[in-house]
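**Student:** need coordinates for the following:
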Amino acid sequence: MVEQLPRVELRHGDGRRLLVYGEYDGSALAVEGAAGEWPALHLRRNPLTGAFVAVSPARNTRPQTAGAGGQPTAACPLCVGGPELPFPYEAAVFDNRFPTLLAEPPEPPDGVAGESAPALGACEVVLYTPTHTGSLATLTVQELARVIAIWTDRSEELCADPRFPYVLVFENRGEDVGATLSHPHGQIYALGHLPPFVLPRLAAIDDHRLLIDTCLSCEVVTSDLAAPERQVVANDSFTVAVPFAPDWPLEIHVRAKRHGARRLPDLTADERRDLAAALRAVVHRYDALYNAPVAYLMVCQQAPDRPLDGRPVDDWHLSFEFLPPNRSPHKLKVRASVETAAGLFINDTLPETTAGLLAAAVDDDGLPDDPAFPDVEVVVVPTGVPAANIAVPRPT
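**Tutor:** Predicted coordinates for the structure are as follows:
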């Protein structure tokens, strides 16, 4: 049975959009609140690289509760009763109060001498659960399936907007990677331009197709499957492996095996279940490796909407890439001069050794069997329908 997850749209007093997923009691948001102001928000192009840099001074005023000791406090803006969700919720998405990009951005400030542009895009925060503690490894199967359905829903809507050629779902976990809030959550950025790290991937995929007439992403999948020493978890729909040439010592990629699975909305119900199992297994291994939560960057690489030189992006395979900064239990890898300035990453570990340690960090045979991940589908509740009239089938 498909679980239908209702989505109700509300607006904060400052105009920011709030999407409530799941049960909603009909509570209203405060109508007070001035519209947000983002002074000096804009993009600047580096003339030597052609890449944009986002300037967003308002981000320096973000709250920080990551060191709250794992206990919910009034200082956490993501807990029930906080400024973002003053009423009970199951999961939610809202426009970031401190954005880097805006769907209707201001013009660059006067007096900027170089090439600049409005900071076009969208910045959303995804709340996985009302519970203040936890991770992708500890969410219930229903919560994790719901998160994947929400990522899919948001990706589908943002990718359909012709202003946004690239949509990035991501999570920053832990203070070591700059996370300022410990409440389980992720983010989504929609960009009004193709970012510089995506362009080489597109070029490699397109050039491979033109020269050899095969899918480069399929060959990466085949390479990972042919190297059991780099595999971390077995999965029917995804390879879960340390890549052949990782930038970071504990890097793991979860890559779709099926050609045609380019974005989250492309996944079948079985693939969504396998994705949930893979993400849970990866975070379990990180937390077990050093008997403590490992900080990481998790990024979902979906096919860009805008092709390169008019060529389609058919050969892109969806992937979730985990990038932890640790190189040992108490040492972090820092991007030094040659890595930051020249782009030559230096890996302090042998990828095959790291994969073996991560694979062995959790004894899957000793874990209790989880109930099956449900198949969750988002259902948009029309604006103006009273909460009492929302009747959406839920599994019993």
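
**Student:** so Leu43 is in which element?
**Tutor:** Secondary-structure assignment from DSSP states H and E places Leu43 in strand 42-45.

**Student:** for that strand, what is the average pLDDT?
**Tutor:** If you average the pLDDT over strand 42-45, you get 94.

**Student:** buried set for it?
**Tutor:** His42, Leu43, Arg44 (16 or more other C-beta atoms under 10 Å). In this view, the C-beta of every residue, glycine as well, is placed from N, C-alpha and C.

**Student:** of all the residues you listed, which comes closest to Val169?
**Tutor:** Distance to Val169, by C-beta to C-beta, is smallest for Leu43 among the buried residues of strand 42-45, at 21.3 Å.

**Student:** contact partners for Gln302?
**Tutor:** Ser155, Cys159, Val167, Leu168, Val169, Arg262, Arg263, Leu264, Trp316, Leu318 (C-beta atoms under 8 Å, 6 or more residues apart in numbering).

**Student:** run the last query once more with 6 Å
**Tutor:** Arg263, Leu318 (C-beta atoms under 6 Å, 6 or more residues apart in numbering).

**Student:** helices of the stretch 151-300 of the chain, residue ranges please.
**Tutor:** Remark: helices assigned in the stretch 151-300 of the chain by DSSP state H, counting those that start in this stretch are 198-212, 216-225, 269-289.

**Student:** quick check: domain ranges of this structure?
**Tutor:** 2-30+66-195+380-389, 198-366 (automatic domain parsing).

**Student:** make a markdown table out of these and add mean pLDDT.
**Tutor:** Listed next are the domains of the chain as a markdown table, based on pLDDT from 0 to 100:
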| stretch | mean pLDDT |
| --- | --- |
| domain 2-30+66-195+380-389 | 90 |
| domain 198-366 | 93 |
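
**Student:** for Ala51, find the nearest of those domains.
**Tutor:** Ala51 sits nearest to domain 2-30+66-195+380-389 of all the domains of the chain, at 7.7 Å, using C-beta to C-beta.

**Student:** and for the chain, the residue most distant from the center?
**Tutor:** Seen from the C-alpha centroid of the chain, the residue lying at the greatest distance (C-alpha atoms, centre = their mean) is Gly111, 35.4 Å away.

**Student:** ok, it to Ala269 distance?
**Tutor:** 54 Å (C-beta to C-beta, to the nearest Å).

**Student:** which of the residues in stretch 322-340 are buried?
**Tutor:** Quick answer for stretch 322-340 (16+ other C-beta under 10 Å): Phe322, Leu323, Pro324, Pro325, Asn326, Arg327, Lys333.

**Student:** how long is that stretch from one end to the other?
**Tutor:** 19 Å (C-alpha to C-alpha, to the nearest Å).

**Student:** if we can go back for a sec, list just the nearest of the buried residues of stretch 322-340 to Val380.
**Tutor:** Of those, the one sitting nearest to Val380 (C-beta to C-beta) turns out to be Phe322, at 31.1 Å.

**Student:** which strand residues bridge the closest one?
**Tutor:** Ile252, Met298 (DSSP bridges).

**Student:** just the one 10 residues further on next, same as before
**Tutor:** With DSSP bridges as the criterion, Leu332 is bridged to Asn326.

**Student:** that one touches Pro325, doesn't it?
**Tutor:** Yes. Using C-beta atoms under 6 Å, Leu332 is in contact with Pro325, at 4.7 Å.

**Student:** can you tell me the centre-most residue of this protein?
**Tutor:** Phe170 (1.9 Å).

**Student:** distance of it relative to Tyr296?
**Tutor:** Relative to Tyr296, Phe170 is positioned 10 Å away (C-beta to C-beta).

**Student:** then Val167?
**Tutor:** Taking C-beta to C-beta, one finds Val167 at 20 Å from Tyr296.

**Student:** ok, Phe164 - contacts?
**Tutor:** Leu158, Ala190.

**Student:** correction: the previous question concerned Val380.
**Tutor:** Arg7.

**Student:** and stretch 6-26, what's buried?
**Tutor:** Neighbour-count burial for stretch 6-26 [16+ other C-beta under 10 Å]: 6-8, 10, 12, 16, 18-24.

**Student:** just stretch 352-363 next, same as before
**Tutor:** Across stretch 352-363, burial judged by 16+ other C-beta under 10 Å covers Thr354, Ala355, Gly356, Leu358, Ala359, Ala361, Val362.

**Student:** the last one touches Arg285, doesn't it?
**Tutor:** Going back to what we said before, that points to Val362. Yes. Here Val362 reaches Arg285: they are 5.3 Å apart, a contact under C-beta under 6 Å.

**Student:** could you dump the buried residues of stretch 352-363 to CSV with distance to Asn60 and secondary structure?
**Tutor:** Formatted as CSV, these follow (distance: C-beta to C-beta, whole Å; DSSP: H, G, I helix; E, B strand; the rest coil):
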residue, distance to Asn60, secondary structure
Thr354, 36, helix
Ala355, 39, helix
Gly356, 42, helix
Leu358, 36, helix
Ala359, 41, helix
Ala361, 37, coil
Val362, 39, coil
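
**Student:** what is the most widely separated pair among these?
**Tutor:** The farthest-apart pair in the buried residues of stretch 352-363, when distances are taken by C-beta to C-beta, is Thr354 and Val362, at 14.8 Å.
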